[in-house]
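Engineer: using only what follows, build the 3D model:
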Amino acid sequence: MVVPLINLNVKCLNALTKRRAIIFISEAAQKELLRKCKHEHLEFQRSALEQEHKRCSSHKLRRKILATRVQHKIFDMDRVEYAHLHARQKYFSMNNKAGKLHTLPLRAKAHKERISAIHTPEVEFATDGKDIAEALSLFYQKLCAKGEVTHAQAYVDSNLRRILYKEQLDLVDEPVSIEEVVSAIAELKLGKVLGSDGYLAALY
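Structural biologist: Alright, predicted model coming up:
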């Protein structure tokens, strides 16, 4: 004897309604309920066919039992795949929620540190991001150019006394005499090396 699937679904829904186990069935819960009822229906159908096969064995009944077993196996595979997809969806939704909660303070901090308005010569207050970027770029270009001129002028002013004249350049190009080497060694402190050979100043 085979019980129709529709009657089983109606019985399950009536039982749940009578017991007041659920007040509202969502779409996902309703699908899960239908799967459960279908599973019970296939189990009952397979057991009924096997009992009938024990009483009278026939080739047609055997094929029917095999078809029911295959259908039951396919249904089990569908259930496993659905559970796997449901678990993946739940896992990714939880990770997505955690990621959103983690990025909320970062977004608030970035929004707090962001320049929302700037004063420009053309407009009193520029709020457009492109105008703000252009104004800041122009400001830093002028600042860097002014800094380069200031540093260059300061360098020239501080090094005017170090400019070598022609007589001094000619003196630098002349070969070094022994007297200059001896005087340079005499000015060294004891224990200080003259070069990379490692000899002490007292040995020169």
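
Engineer: in the helix or strand harbouring Val182, which residues are buried?
Structural biologist: Val182 is part of helix 178-187, with elements assigned from DSSP states H and E. Within helix 178-187, no residue is scored as buried using 16 or more other C-beta atoms under 10 Å. Quick note: C-beta positions are derived from backbone N, CA and C, even for glycine.

Engineer: could you export that helix as CSV, CA atoms only?
Structural biologist: Provided in CSV are the C-alpha atoms of helix 178-187 (Å, rounded to 0.1, in the frame of the first residue of the first chain):
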residue,chain,number,x,y,z
ILE,A,178,106.5,66.3,2.3
GLU,A,179,106.3,69.2,4.8
GLU,A,180,102.5,69.3,4.4
VAL,A,181,102.2,65.6,5.1
VAL,A,182,104.5,65.9,8.2
SER,A,183,102.5,68.8,9.5
ALA,A,184,99.2,67.0,8.9
ILE,A,185,100.5,63.9,10.8
ALA,A,186,101.7,66.1,13.7
GLU,A,187,98.2,67.5,14.0
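
Engineer: avg pLDDT for stretch 89-98?
Structural biologist: Across stretch 89-98, the average pLDDT comes to 68.

Engineer: next one: stretch 145-163
Structural biologist: Stretch 145-163 shows a mean pLDDT of 62.

Engineer: now stretch 105-121
Structural biologist: Across stretch 105-121, pLDDT averages out at 71.

Engineer: with stretch 47-57 instead?
Structural biologist: Rounded mean pLDDT across stretch 47-57 is 64.

Engineer: make 37 the starting number, not 1.
Structural biologist: Will do, 37 is the new start, and the previous item becomes stretch 83-93.

Engineer: can you count the residues close to Thr104?
Structural biologist: The local packing of Thr104 (other C-beta atoms under 10 Å) involves 19 other residues.

Engineer: show me what contacts the closest residue to Phe161 other than its chain neighbours?
Structural biologist: Nearest non-adjacent residue to Phe161, counting by C-beta to C-beta, 6 or more residues apart in numbering: Ala153, 4.8 Å away. By C-beta atoms under 8 Å, 6 or more residues apart in numbering, the residues touching Ala153 are 161-163, 168.

Engineer: go again using 10 Å as the cut-off
Structural biologist: By C-beta atoms under 10 Å, 6 or more residues apart in numbering, the contact set of Ala153 is 159-164, 167-168.

Engineer: and those, which are buried?
Structural biologist: By neighbour count, with 16+ other C-beta under 10 Å, the contacts of Ala153 hold 162, 168 as buried.

Engineer: take the contacts of Ala153 and keep only those in helices.
Structural biologist: Among those, the residues falling in helices (DSSP state H) are 167-168.

Engineer: from the contacts of Ala153, which one has the minimum pLDDT?
Structural biologist: When those are compared by pLDDT, Val159 scores lowest at 66.
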